[in-house]
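Trainee: predicted model follows, preceded by the sequence.
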Amino acid sequence: MEKIELSDKEKEVIKKQLNGEITQFSATPEERTLLMGVISKAEALLDELDDYDNMGDDLIQWFWGKYQSQK
Amino acid sequence: MGRNSGGGGGGTPNNQGGLKPDDSTFKGKIGKLESLNTIKNKYVYKAVGEAISRYHSVMGVRQQNVKLASLPNGYGGVHVTQNGKSSVVVLSKSIFNGKGTTTQSVASWSSKGYESGWSTKTNKPVAHIVTHELAHATWNAHLTKANAKAASPAINKVYKSWLKDKSKKGYGEYAKTNVSEFFAETVTKAVHGKSDKYTKSLKSIVKKYKL
């Protein structure tokens, strides 16, 4: 597994998503673009690790946990 | 005042339109709750009513508590879960009943995430907001009622199968973020889009667990 790299803006949008500050209809265009990039990275890692059994019920939470654990 | 009475006023200390703030999943400010029949544009009122009726007929679930209120800027609608129970679906007053609101203006607002692939595409953008929030009322991961909790493993299993499936079509990216958004958008697709094995699975779970 390669090191997960996240920009400051990506980290910010992940925190907002996990705090319930982003919703389907409230996200700004910039937030949508950033979060779609994060989703893409998360999906790629989930497939690489084949960690579906351990991911829980939240892809972003799982991905953020993986990022935090490498620090 | 009961939290579902809808009579609370904006500007109350809890800023929740009369809703109790305890354990509410929506932390933003909700203004005074108003009846849907205050919607001035008759076509918008009709479209909202039809969305609710279609949800009832396709999903077999009745969610009566749908209100209008002012919401933070950018919010079209929210579902509020309080103390583990579905409390109310609130549609934005400015989007659904603002000055000069038309079905076109609501549709334009709702469909802004279609082009980028953010939202699941439907041919009913006005109904999309209503249906998405009604689906959250039917089930979301914060509900603690016995039937909702019993259904969670089955819904989570479908979510993971769906995430793994790279050939699925017609879904928006936001549905991937967590199981609650997956449920809301897949149910929206069941009601207003092309059915597939995932929409059928969720409809079957809703029926089996009497959600």
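Mentor: Good, I have the coordinates.

Trainee: going forward, measure contacts between C-alpha atoms and count neighbours the same way
Mentor: Will do.

Trainee: okay, B:S35 and A:M36: tell me how far apart.
Mentor: As for B:S35, its distance to A:M36 is 36 Å (criterion: C-alpha to C-alpha, to the nearest Å).

Trainee: and these two? Which one has more around it.
Mentor: When B:S35 is set against A:M36 and neighbours are counted by other C-alpha atoms under 10 Å in any protein chain shown, the residue ahead is A:M36, at 21 against 13.

Trainee: quick one, what contacts that one?
Mentor: B:118, B:173-174 (C-alpha atoms under 8 Å, 6 or more residues apart in numbering or on different chains).

Trainee: phi, psi of the residue in chain A that chain B sits nearest to?
Mentor: In chain A, the residue that lies nearest chain B is A:D58 (4.0 Å; C-alpha to the nearest C-alpha). Main-chain dihedrals, A:D58, degrees, to the nearest 10: phi -150, psi 110.

Trainee: show me what it is bridged to.
Mentor: B:N178 (DSSP bridges).

Trainee: mind checking how far B:S70 is from B:I52?
Mentor: 20 Å.

Trainee: out of these two, which sits in the more crowded spot?
Mentor: Per other C-alpha under 10 Å, whichever of B:S70 and B:I52 has more neighbours is B:S70, with 24 against 20.

Trainee: list the contacts of that one.
Mentor: Here B:S70 is in contact with B:30-32, B:92-94 (C-alpha under 8 Å, 6+ apart).

Trainee: you'd agree B:V90 is up against B:Q64?
Mentor: No. B:V90 is beyond contact range of B:Q64, at 11.5 Å (criterion: C-alpha atoms under 8 Å).

Trainee: for those two, indicate the residue with more neighbours.
Mentor: A direct count of neighbours by other C-alpha under 10 Å for B:V90 and B:Q64 places B:V90 higher, at 27 against 11.

Trainee: helices or strands up against the helix or strand encompassing that one?
Mentor: Assigned by DSSP states H and E, B:V90 belongs to strand B:85-92. Counting by 3 or more C-alpha pairs under 8 Å, 6 or more residues apart in numbering or on different chains; DSSP states H and E, the packing neighbours recorded for strand B:85-92 are strand B:66-69, strand B:77-82, helix B:125-138.

Trainee: what angle do it and strand B:77-82 make?
Mentor: 160 degrees (axes from the mean of the first three to the mean of the last three C-alpha atoms, to 10 degrees).

Trainee: now strand B:85-92 against helix B:125-138, angle please.
Mentor: Going by the same axes, to 10 degrees, strand B:85-92 makes 160 degrees with helix B:125-138.

Trainee: ok, and what's touching strand B:85-92?
Mentor: Here strand B:85-92 has contacts from B:3-4, B:33, B:65-71, B:75-81, B:130, B:133-134, B:137-138, B:142-145, using C-alpha under 8 Å, 6+ apart.

Trainee: list only buried entries from those residues.
Mentor: Using 16 or more other C-alpha atoms under 10 Å in any protein chain shown as the burial test, those include B:3-4, B:33, B:65-71, B:75-81, B:130, B:133-134, B:137-138, B:142-144 as buried.

Trainee: which element is the most centrally placed residue in chain A on?
Mentor: Central residue of chain A (C-alpha atoms, centre = their mean): A:I60, 3.8 Å from the mean position. Element membership for A:I60 (DSSP H and E) is helix A:59-69.

Trainee: average pLDDT across that helix?
Mentor: In this model, helix A:59-69 has an average pLDDT of 97.

Trainee: chain center to that helix, what's the gap?
Mentor: Here the centre of helix A:59-69 is set off from its chain's centre by 7 Å, with C-alpha atoms, centre = their mean, to the nearest Å.

Trainee: can you list contacts of that helix?
Mentor: A:4, A:14, A:18, A:38-39, A:42-43, A:55-56, B:176-178.

Trainee: output the below-cut-off pLDDT ranges for chain B.
Mentor: B:1-25 (pLDDT under 70).

Trainee: can you name the residue of it nearest chain A?
Mentor: Nearest residue of chain B to chain A: B:N178, at 4.0 Å (C-alpha to the nearest C-alpha).

Trainee: go ahead and confirm B:A137 touches B:Q82.
Mentor: No. If you go by C-alpha under 8 Å, B:A137 and B:Q82 don't touch, sitting 10.9 Å apart.

Trainee: quick revisit: closest one to A:A27 among the helices and strands packed on strand B:85-92?
Mentor: strand B:77-82 (12.3 Å; C-alpha to C-alpha).
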